[in-house]
Structure formats: structure tokens, C-alpha cells
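# Take this sequence and fold it.
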Amino acid sequence: MKNKIAQVVVDLPVEGPFDYEIPSSFAVSPVPGHRVLVSFQTKTLIGYVVGLKEKSAFKRLKPIIAVLDKAPVLSPCLLDLARDFSQAYRCSLGEAIATFLPPYFKKTKNEIVFLSKEEQKKDLQPETLLIHDPSFKEFWPTLFERIHQTIAQGLGMIILVPETERIGLVLDQLKGAGITASISAFGKQGSDKRQAEDWTLIKEGKVNIVVGTRSAIFSPVSSLGLIVVLDENNFSYKQDQSPFYHARHVALMRAQKENVHLIFVARSMSLDLYYLKEKKKLNFIQIPLTDTPCVRQVIDMSNYKYGKSQMISIPLSHAIEKVLLEKGKILLLMNKKGFGSFGLCSKCQHILKCPRCDIPLTFLYESKQVACRYCNYHAPCPSVCPQCHGAYLNFTGMGIEKLESEVSRLFPAARVQTYAKENEVAPCDFDILIATQAVVRLDDSLRFHLTCIVQMDAELNRLDFQAGENTFSLLTHLHAMTIDKFCVQTHLRDNYCLKAFIDSKPDLFYKKELSLRRELTLPPFAHMAEIVVRSVRQDASLQQAELLHKVLTEKSIKGIEISSVQVLSLARLRDQYRFVIVAKGKSRKALVTLIGKALASVQRTSTVITTVNMIP
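This is a model prediction of the structure:
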């Protein structure tokens, strides 16, 4: 055996690879991409072979315990992508590979048998295309043409959707277009074992088209020829835990790596892709809006005086009455759940807070509970103050349950329903629907004669540099669900985001937003990293954050900015105190390299966790 040493990585935040001896008795000799069983520290773990070599710098090596599969689970191309991914998102190569694989492969130590499939030779002049379709229904003929071309060439494809609920809609469209190729619906709707079975069929080349949510971008499609990202600006494409990847960015990486066509379809373009369009780095198709646009209105709340708990303005009330008389449907949007979001004792001023997150609890009227909107803590609503035992607890703030109460009082004959992210069943038999932004996932099935964002200022004033972009996207999606009239209640009628939307001039918004981002050196003009340090001990997390900041500052190079250590806006979450350092620079590679060196220089402790969120 020429190569007696295997270089192995594991699904832990530790740099590798680690050398292991390959026993000569193995029937299957491992190659890069194989899963293997190894002894790592005091545990037996599943590892991934990433390289082979003849000699090691270490004299005594642990042997590989077992080779788990007859054929590698990752192709050389996907393994190469995993290396780039680990660099781009500042995670270990083992964590990157684990992200690529279905959960079942990361847990089972049983052998998985793959049939080998030869890659079809590709002769492509790859194109990156952005289709802007405000109606989000006219792009299908263009897309079907590209899909038929890909199938005719004997190549496979991946179609990404933001949510599991939309997989079925895409499958129906493909079926309606007479596309009879073998299709796999790859999402989280099945068991871990079912996902692994689907993944195996894809790897063996028995599936031509994969339709799935963000993790489907890692599917081992044989002879990949096309990647499609539908509704590319949807927030669901961003992974909310480490590694914090964005499917849009990974799609760009993979398309370049495998030399394939890439199509983005957007109702509201992300600023990143709009910037690439302006730089002529992708092709662009604008599909004009053929539907008659609804009336857009700003209700300037500065012109009216209302009580603190009153949420329905006089103009909105009149508009609702008119639609109800005409038997139409109404959507009132408020991005906050519950009845009240701030419980205060009128006697001692004690605030009801989450014991784990140290933030005010939300009162849920229907279940008579108080809940934390971050950690899912629930408890019965106390009848007296926990501190002074005073008899009166006052809940202030506004949520969709409180809005429901006011609407039901003002329009007692109307059928009122609420809808939020947790609702599994789509609403029906209503006159007025009160919902959070989760309602946009129903944009294929619901239409409203009147839509109003009740608290527009809450969307625009979020402490997030992407607030304007996210708000404009929300406005665009809700507008597409509206038949007759769309209005917003606001004190910020001159906000550039709102003015561009009301005047139906999206380019004005994008150009203004790009101008602001350029001035502040924010993405897409720079890359950002949020380095979050957290621990159940406040002093431990602060000390580690300050030490990391010192090392980052010392090792920093020209063109990279390092912020001071800050308390996150949600300082304590799930019993952990959190501090953040923001680093930004024009070179992603230089930024990632700096962070990697700093993390390697700071001694790890078992009580402190450090994560890196790269943006985008």
C-alpha cells in the first residue's frame, strides 16, 4: 500500500486534518470523501477522509477503526467545494462536510452502499442569470426552456425553494410543463433515514432534478448542469446557526466550481444581486408587470392623535368598512405576536422577564400564558406580582392578539383570524386576517382586497443595516398579494424606502441603499463578520471577547476594521451572556485569514463558545 496514512477531519470546531494509520487488513481502502470510524480524544467519532499520504510527522498514530462505506459519500468536486465553504464561512472542514450531508449520515455507523455513476462530460458556456418578475408567475416559460435544454444534454439540476411548503408547488409546475425526468423532493419533511435514501438515489444518478430547501444546494447531483434559486431574496435561505451560510452565496460558489448555469428568480431583488447586475457581472431579464397595480397609500399617523393602545386610524377604519360591505378580504400585518409585550406591576414597577433571556415576557391572551419570543419559555400568567404580590399587572405593547381584540371590537360582525409562523394550517373563512410576515409564504394561495401594514415604523427602525432592504422586500411581496388597495400607517412618510415603493420606482430605492452602504463601507462594498462570544458566565464571556479583540487588533492589517467589544442587542439568550466583535474588510480572504489566526491564538475554554457569522 503506497499511501498508509489517511488525513481525517471530524464534525467539531477544531482545525485538522489529523493523521490516522490505514490498517492493511481493510477490504476497502479509504480515499478522500469516505466516512470512517476513528478514536478522537476519548470518544469514537465518524470522521471524513480528506487526503492520503505516505508518511506522517508523528511516530505513533491511531489506526482507523473502520471504513463505513464502500464508495466515498462525497465526490472530489463536492469535497473541493467543502474546502472553499469552510474558508468562506470560517468553520472547520469537518463541520463543512457535516453540513453537506444528511443528518442520518452523521449519526449512523452502518455501512452505506453507493453504486458508482460516471460523470457526463459537460460542454457549457456557463451563464449567471437574474430574472426579476414582480408577479412571480411569468418567469416559468423562460425557466422551462432552460430546464428542457439541461435535460436534453443529459445533465442534472437543483431547484431551490425557500420553504418546504413550496416544494409541492414547483413539482406541480414541472408536471404541468410535461417534464417527466426523475425528480426528488429533498427537504426536511421526511425522516432522517428517508432523506438519506433520497440522497443516495441522487448520488447514484437515478435522479435528474432535485427540488428542495436551502440544504439541497449540497445535493450530490450527477453531472450537474443547472442551479435555480427561486425567490432568491427570501430570509429562509440564511442558515441561523453555525455555519451561518447563505444558500444564494453557496449557489454562486458551486456554479463557478462546477462550471454550470445559474438562474436566480426574484420578486424583489437582493441588494447583492442588484449590485452584480449594475456591475454587468450577470445577465438580467426584467419581466414587466401585466396585472393592474393596486392603489398605494401612506397614512401619516402624525396627522392624528390616538390613545396609546389604539392601532386603527380613521382612514384605515373607513377603508376596512368599505371592503367589508363589498364582501372582500382584508390583511392587517403586524410583526409581533401575543397580546402585550411588556408586563409591569403598577405597585412596585417590577417587569416580568424571561428567566433565561432577561427580556420582557409576552402575554398570550388565548392560552393565558406568558412566553419568551426567543427561547420558547412558557408559563401561566401570574395573577399577582411575583415580587411584591400586588394584585394588578399591566401589559403594555402591541401584538397581533391585541390588534385582533381591537378589530373585533370595532367590527363585531366581521370574521377575524390570526396567523403566525407557528400556524401549520392556512387560514380560511375569514373577512379580516391579522398576521405576521409569515403570511408571505402563502402568496401563491391568498389574495386580499385591502392590505395594511399597521406599524410600518417598527420595520424601518430595526437595528439592522439590512432593515431597509428587508422592508422593501416585504412591501413588494405584500403588494403582489393585494388586489385593490395597499396602505401603510407610519410617522416616517418621507423615508426613502417607503417613497420608492409608493412611487413604484424600485431603482430609486436600490440606488439610495447602495449609496448609503458605500458611504458606510457595508456589504456589498465590504465583507462583514460578527464574532459572537457567549457563556453562562458573564465574566468569562467578556474576558474571552476582550482577549480575542486584543489579538484581532494586534494582527489586523490595512483595510480591515475591528469594532470594540459590544453587548449584543439581546445581551442574554438561553442563559448565555453574549458579546460581539464586528470585523469588516473588502477582501473576504484577508478577513477570514485574520479571524482564523486570532481564534488559533486564543486559548479555548470549555465554558465559552465562539461563533463567526460571515455576511453575506
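# Okay, now the unreliable bits of this protein?
Across the chain, the ranges flagged by pLDDT under 70 are 1, 115-116, 121, 187-190, 306-309, 340, 342.
# Show me how it divides into domains.
5-107, 128-286, 295-336+398-517, 527-615 (automatic domain parsing).
# show me what contacts Ser268?
Counting by Cβ atoms under 8 Å, 6 or more residues apart in numbering, Ser268 makes contact with 134, 233, 472-473, 476-477, 506. Placement of C-beta: from N, CA and C, glycine included.
# one more time with 6 Å, if that's ok
Contacts for Ser268 were tallied using Cβ atoms under 6 Å, 6 or more residues apart in numbering; they are 233, 473, 476.
# where exactly do the strands run in the stretch 401-550 of the chain?
Secondary structure of the stretch 401-550 of the chain, counting by DSSP state E, counting those that start in this stretch: strands at 416-419, 432-435, 448-453, 482-490, 527-535.
# looking at the ones you listed, which is closest to Asp198?
strand 416-419 (30.7 Å; Cβ to Cβ).
# could you dump the closest one to PDB, C-alpha only?
The C-alpha trace of strand 416-419 is given here as PDB (Å, rounded to 0.1, in the frame of the first residue of the first chain):
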ATOM      1  CA  VAL A 416     -61.400  37.700  12.300                       C
ATOM      2  CA  GLN A 417     -58.500  35.200  12.300                       C
ATOM      3  CA  THR A 418     -54.800  35.500  13.300                       C
ATOM      4  CA  TYR A 419     -51.800  33.800  11.500                       C
END
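# distance between stretch 493-513 and the chain's centre?
25 Å (Cα atoms, centre = their mean, to the nearest Å).
# Let's see the distance spanning it from one end to the other.
17 Å (Cα to Cα, to the nearest Å).
# go on, stretch 431-446?
Stretch 431-446 end-to-end distance (Cα to Cα) = 12 Å.
# contacting residues around the residue nearest in space to the middle of the chain?
The residue lying closest to the centre of the chain (Cα atoms, centre = their mean) is Lys238, at 2.2 Å. For Lys238, the contact set (Cβ under 6 Å, 6+ apart) comprises His246.
# before we move on, back to that, which one of the strands of the stretch 401-550 of the chain lies nearest to Ile147?
Using Cβ to Cβ, the nearest of these to Ile147 is strand 482-490, at 30.7 Å.
# Paired strands for that closest one, with orientation please.
Sheet pairing for strand 482-490, assigned by DSSP bridges, gives strand 295-300 (parallel), strand 448-453 (parallel).
# do you know which of those lies nearest Pro72?
With Cβ to Cβ as the criterion, Pro72 lies closest to strand 448-453 of the strands paired with strand 482-490, at 50.7 Å.
# For that closest one, give me every contacting residue.
316, 319, 323, 328-333, 478, 481-488.
# before we move on, what about stretch 149-163?
So stretch 149-163 is contacted by 120, 167, 170, 181, 208-211, 216, 219, 221-231, 234, 236, 247, 441 (Cβ under 6 Å, 6+ apart).
# circling back: can you tell me which of the contacts of strand 448-453 are classed as buried?
For those, a burial check counting by 16 or more other Cβ atoms under 10 Å picks out 316, 319, 323, 328-333, 478, 481-488.
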